[in-house]
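**Q** Got a sequence here, can you model it:
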Amino acid sequence: MREPVGLRRQRIMAVVESRGAVKVSVLAAELDVSVVTVRRDVEELTRAGRLRRGHGVARPLREPAGTAAVPAARGGEPAGEGGAVALVVPERHSYLYETLHGARSVLEEAGIRIALHIAPQSAGAERPLVERALADGARGLLIAPRWRNALSEELDYGWLADVAVPTVLMERRPRPGSALHALDSVCSDHWYGTHLAVEHLVALGHRRIVLAARDDSPTARTVRAAFAGIAAGRPEVEDWTVVLSSPDAVPGPGPGPDESGPAPAPPLSSAHAPDLDLAALLRERGATAAVLHGDVDALMLVQRLAERGVQVPRDCSVVAYDDVVAALGSTPLTAVAPPKAEIGRAAAELLLHRLSGAAGASGPVRRTQLLPELKVRGSARAITLTTD
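**A** Purely as a prediction, here's the structure:
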């Protein structure tokens, strides 16, 4: 699946802004594209005034924290590696990179050195990074584990609960009653975001709705479960179903049956999930609207609909979920926009509070939720309701 240019350039910006000068060849390897492609992207970003270009390297407009002299941290503590806050996020995850930048802005303003660790896609990748950061003297941890499936999440509960420094989970909400239930966390209220999508479509007259969603992250699993509950509880919704938005949108090998409303679709195998023929599914279900998670899958599915002669919003209304690149398609998509950067800022502020030593800094655990908003861009239209 070819990555949209806008998303690729956003990822280049995220890497360069977090690390400082990065070789073009390194960017090409990490993004899995050619050096020529990255060089062209860097030239365009430089022309747009977003980067500086050197001989074979891309540089940020100003160097990130940790690449030059950094002011003293709060309380007069020297900001060296021992005074750093470790920030752990998955690689190739544009959604969480926005959260990363939100946290970074707060920590930089406070004069706190950041030790950024990018976790590869392999299972259990976060633990050795955190252990290394702690060995280097990190005094706090902000972390967004990948958690592609429930098992990988459970396996992280034990060691993460024992981290000996103040820790805040970003955009992750552990299972109630688990070892991490009493850990500070800041995340989006994805139930509410899903509610916004369904409410918007129902208000426009849609009564038969499909959710095509990923199933390989905590956000994806929450959106799927929320949609099933909301759609089943809305008397206006006559028919609904949940399917995979992409064959690679699964958490790993093993069965992955769909949740579904009336006349459920056959279960999908996680190991052999086929490409979704959304046009055929819409015809089969008589659906007039779809909620699509995440953004890249949404844009790809809208393109495939167009190839099958189904135009958005003329023939099918669409609401995307994530709003990372939803506005960049040939048809800008109405989208649920979780407050990604605000999540990072709130998480960093909470961590600074824990580190401050002020009165109340060791007070009750905080599980903070921020509400998404709906960005209306015209990919969903009202339809005329008919009565028998």
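
**Q** From now on I want contacts and neighbour counts done on CA atoms only, so please keep to that.
**A** Noted.

**Q** for L299, what are its contacts?
**A** Listed by C-alpha atoms under 8 Å, 6 or more residues apart in numbering, the contact set of L299 reads 326, 329.

**Q** looking at it, G294 is touching V325, isn't it?
**A** No: using C-alpha atoms under 8 Å, G294 makes no contact with V325, being 9.4 Å away.

**Q** ok, E307 - how many residues close by?
**A** 11 (other C-alpha atoms under 10 Å).

**Q** same check, this time on the one 4 residues further on
**A** Residues near Q311, counting by other C-alpha under 10 Å, number 17.

**Q** pretty sure it is touching R304, no?
**A** No: contact between Q311 and R304 fails when scored by C-alpha under 8 Å: they sit 9.9 Å apart.

**Q** Phi first, then psi, for R208.
**A** phi -130, psi 110 (degrees, to the nearest 10).

**Q** any idea which helix or strand carries L151?
**A** Using DSSP states H and E, L151 maps to helix 150-161.

**Q** Tell me where the model's unsure across the stretch 51-200 of the chain.
**A** 55, 63-82 (pLDDT under 70).

**Q** one step back: run the chain-centre distance for the helix holding L151.
**A** Relative to the mean C-alpha coordinate of its chain, helix 150-161 is positioned 19 Å out (C-alpha atoms, centre = their mean, to the nearest Å).

**Q** Which residues does the helix or strand harbouring H195 contact?
**A** Element membership for H195, per DSSP H and E: helix 190-203. Helix 190-203 is contacted by residues 219, 222-223, 226-227, 230-231, 236-237, 289, 291, 317, 319, 335-338, 371-374, 380, 382 when judged by C-alpha under 8 Å, 6+ apart.

**Q** Go again with 6 Å.
**A** Residues from elsewhere that reach helix 190-203 (C-alpha atoms under 6 Å, 6 or more residues apart in numbering): 226, 372.

**Q** Can I get the very next helix or strand once past that helix in PDB? Just the C-alpha atoms.
**A** Sequence order places strand 208-213 as the next helix or strand after helix 190-203, per DSSP H and E. The C-alpha coordinates for strand 208-213 follow below in PDB (Å, rounded to 0.1, in the frame of the first residue of the first chain):
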ATOM      1  CA  ARG A 208     -27.800   1.600   7.600                       C
ATOM      2  CA  ILE A 209     -24.100   2.100   8.500                       C
ATOM      3  CA  VAL A 210     -20.900   0.100   8.100                       C
ATOM      4  CA  LEU A 211     -17.800   0.500  10.300                       C
ATOM      5  CA  ALA A 212     -14.600  -0.500   8.500                       C
ATOM      6  CA  ALA A 213     -11.900  -0.400  11.200                       C
END
